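1. just a sequence and a predicted model for now, questions to come.
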Amino acid sequence: MTLRFSVLASGSTGNAIYVETDKQRLLIDAGLSGKKIEQCFSQINLCPSKLDGILVSHEHSDHIKGVGILARRYNLPIYANEKTWEAMLPSIGAIPLEQKYHFATGTAKTFGDLDVESFGVSHDAADPMFFSFYYEGRQLTILTDTGYVSDQMIGMSKGANSLIFESNHDMDMLRMGKYPWNIKRRILGDEGHVSNVDAGIALTDIIKDSKADIYLAHLSLDNNMKELARMTVQQTLEESDIEVGRQVKLFDTDPYVPTALKVV
């Protein structure tokens, strides 16, 4: 009896994360086409027909592109908060009433043998939220798409055995890069995305004396590199005497290649 997950895709081109227990199978966001998500499932030898539902964090296209088609194709319930439902309905197409479920920010739901708690994040969406999953004393927390990491977010992440955590950009690469200033300002703002440095600082507060596997997620294709994100976060953690490799293990995620199915 275990809690397992795979980061199917992570980045500005699309995001999707699979979480399962022996009795429940959930997809968190579906930001690629239905066909591409099916291909991701195939790469980890699973099929979306086995899913029990889709949880939606917010309405940006890189998180909902495939939500409607997957829900209709496999008759899946969709869970989102009220404002996210209102914002995403024009983009996902008609969804039968019996497949629409509300999951309010700051509340908890039980899916079979899996407990899920939602919490708010700071992003330029209607009511963005992410999730912590609890099963048999194990915890998985997903935290991306936020401009900063609040004390509440840190509290929700503490104790997690595995973390999928945003490390979106290197600040120098972003500032020197090709993006227009209004886009740079959005990314750097309090409702944008967390940098490598800020990810490391937040993770230092979260980890302290605990142990965790950390998956660095939502990396920008234009303003970051896996090696740079990993190096920056590792350096920040080690400056606070958190030993990477023993106390903490860092893992990459990819916009196109799913991570192996991992036990939390």
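-> Ah, there it is. Numbers count the residues shown, from 1 in each chain.
2. downstream of the biggest helix by length in the chain, the next helix or strand is which one?
-> The helix that spans the most residues within the chain, counting by DSSP state H, is helix 226-239. From helix 226-239 onward toward the C-terminus, using DSSP states H and E, the following helix or strand is strand 248-252.
3. just the CA trace of that next one, in CSV.
-> C-alpha atoms of strand 248-252 as CSV (Å, rounded to 0.1, in the frame of the first residue of the first chain):
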residue,chain,number,x,y,z
VAL,A,248,17.4,16.1,0.5
LYS,A,249,17.4,14.6,-3.0
LEU,A,250,16.9,16.9,-6.0
PHE,A,251,15.2,15.7,-9.2
ASP,A,252,14.5,17.2,-12.6
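4. show me what that strand is packed up against.
-> In terms of contacts (3 or more CB pairs under 8 Å, 6 or more residues apart in numbering; DSSP states H and E), strand 248-252 is packed against strand 212-217, helix 226-239. Placement of C-beta: from N, CA and C, glycine included.
5. show me what that strand is in contact with.
-> Contacts of strand 248-252 from elsewhere in the structure, counted by CB atoms under 8 Å, 6 or more residues apart in numbering, are 203, 207, 211-216, 226, 230, 233-234, 237, 242, 244, 259.
6. let me know the closest of those to residue 71.
-> Distance to residue 71, by CB to CB, is smallest for residue 259 among the contacts of strand 248-252, at 23.9 Å.
7. my read is the closest one is in a strand, agree?
-> No. Under the criterion used here (DSSP: H, G, I helix; E, B strand; the rest coil), residue 259 is coil, not part of a strand.
8. tell me the SS of the residue nearest to it when sequence neighbours are not counted?
-> Setting aside the residues directly before and after it, residue 259 is nearest to residue 7 in space (CB to CB, 6 or more residues apart in numbering), at 4.6 Å. Secondary structure of residue 7, reduced to three states by three-state DSSP: strand.
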